[in-house]
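Trainee: Here is a sequence together with a model predicted from it:
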Amino acid sequence: MEGLEQTRLRLCDEFATITGSDSAVAQCYLAENDWDMERALNSFFEADMESVFDVEDREEERDRPVSKRKAADHPEKTDDAPETKRRMNPQNVHCIDLTEEEPACSSSTSSKGSEDDEGDSKLSLISWNVDGLDTLSLAERARGLCSYLALYTPDVVFLQELIPSYAQYVKKRAVSYLFIEGNEDGYFTGLMLRKARVKLQKSEIISYPTTQMMRNLLCAQVTFLGKELYLMTSHLESCKDQATERMKQLGMVFQKIKEAPDNVTVIFGGDTNLRDSEVAKVGGLPAGAIDVWEELGKQEHCRYTWDTKTNSNKIVSYVSRCRFDRIYLRPAKAGPRMAPEHMALVGMEKLDCGRYTSDHWGIYCTFT
């Protein structure tokens, strides 16, 4: 997967040099045009587009072909802010207004020509708490998330702490994904499936009966290149003093893993808010299930997804470094077994607004 990432970063650099734009604009156009440089350049120079993110001044901007004005912050919040190997500058991405029917800029790619041949059978996934409840620099942080989706084009995306307007924005921009919401009000989780490679069979929302924080479990039965998968995401109860409720919720997650048929691969990802002792107290992982970070050698560079020492989005008087965000895998017990290949944190560079995409780092994984 490193080869694909480096190739796309190089294409973004070349595009930005030719057009005089930046990496975020490059990602937007290249992703829309299946990472074909010539098509992307033609689209850039021929397009007559408006700014996507400047909602406050949208009406006056409609008469202008391109706007480089800073977008106003939205009443939304994006959580985790993972890092890439290159500067992410989503502030100047120029796309049509989100109220239009066809977004001119999206994190879309087709099934042919969008992946290296050796990567076609690999499943890629991003899990991210986007902190949608944080209203500061919301528009710029939302654009940051979409830049990462355009760069990595994951097959599956787990999102936590969405709010309705943020979810609507992502749906209208990431048109190559099917978007499943865990609720319609308040804040909630979301699950995105790349249409060209992942086919939805059925989805369900399982309530946590004693939650005090509107939490639930969002599940989807899908097929990925003919293989059956059971995908789950959740945002377990927050705060240290909610350990009892959080463990009840974790127990429900583990029960769903146990109930999955032997021929189905199960992947759970999300903001668990877990402390390691809590996993042990519920009896540990179900038989056959693995913690992806542990399976890949407990690499220190991707241990802490909540890290107030490095991430300055939350102004706090203490240092807290926790592995709240986790990915669990239970391979199918019959037939070919899926295995984790690579894991990294994303969103660890600041945006031009001086903030990260979220107060959490995102997790990027690939599976073979």
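Mentor: Received the coordinates, thanks.

Trainee: Please, where are all the strands along the stretch 101-250 of the chain?
Mentor: 123-129, 156-162, 177-181, 188-194, 198-207, 216-224, 227-235 (DSSP state E, counting those that start in this stretch).

Trainee: Wait, residue 360 touches residue 272, no?
Mentor: No: assessed by CB atoms under 8 Å, residue 360 is found out of contact with residue 272, at 11.4 Å. Yep, even glycine has a C-beta here, placed from its N, CA and C like the rest.

Trainee: Find residues that contact each of the two.
Mentor: Here residue 360 and residue 272 have 324-325 as joint contacts, going by CB atoms under 8 Å, 6 or more residues apart in numbering.

Trainee: When these two are compared, which one has more neighbours?
Mentor: Remark: of residue 360 and residue 272, residue 360 carries more neighbours, 32 against 26, as counted by other CB atoms under 10 Å.

Trainee: Just the pLDDT for that one.
Mentor: Confidence at residue 360, expressed as pLDDT, is 98.

Trainee: Enumerate the beta-bridge partners assigned to it.
Mentor: In this entry, residue 360 is beta-bridged to residue 80, by DSSP bridges.

Trainee: Quick check: it vs residue 280, distance?
Mentor: Per CB to CB, to the nearest Å, residue 360 is found 23 Å from residue 280.

Trainee: What are the boundaries of the helices in the stretch 251-368 of the chain?
Mentor: 276-281, 292-295 (DSSP state H, counting those that start in this stretch).

Trainee: Pipe those helices into JSON lines and attach mean neighbour count, mean pLDDT and distance to residue 216 per row.
Mentor: Converted to JSON lines, the helices of the stretch 251-368 of the chain look like this (neighbours: other CB atoms under 10 Å; pLDDT from 0 to 100; distance: least, CB to CB, whole Å):
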{"stretch": "helix 276-281", "mean neighbour count": "13", "mean pLDDT": "96", "distance to residue 216": "19"}
{"stretch": "helix 292-295", "mean neighbour count": "18", "mean pLDDT": "98", "distance to residue 216": "23"}
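
Trainee: Distance to residue 29 added to those, as JSON lines?
Mentor: Listed next are the helices of the stretch 251-368 of the chain as JSON lines, based on distance: least, CB to CB, whole Å:
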{"stretch": "helix 276-281", "distance to residue 29": "44"}
{"stretch": "helix 292-295", "distance to residue 29": "33"}
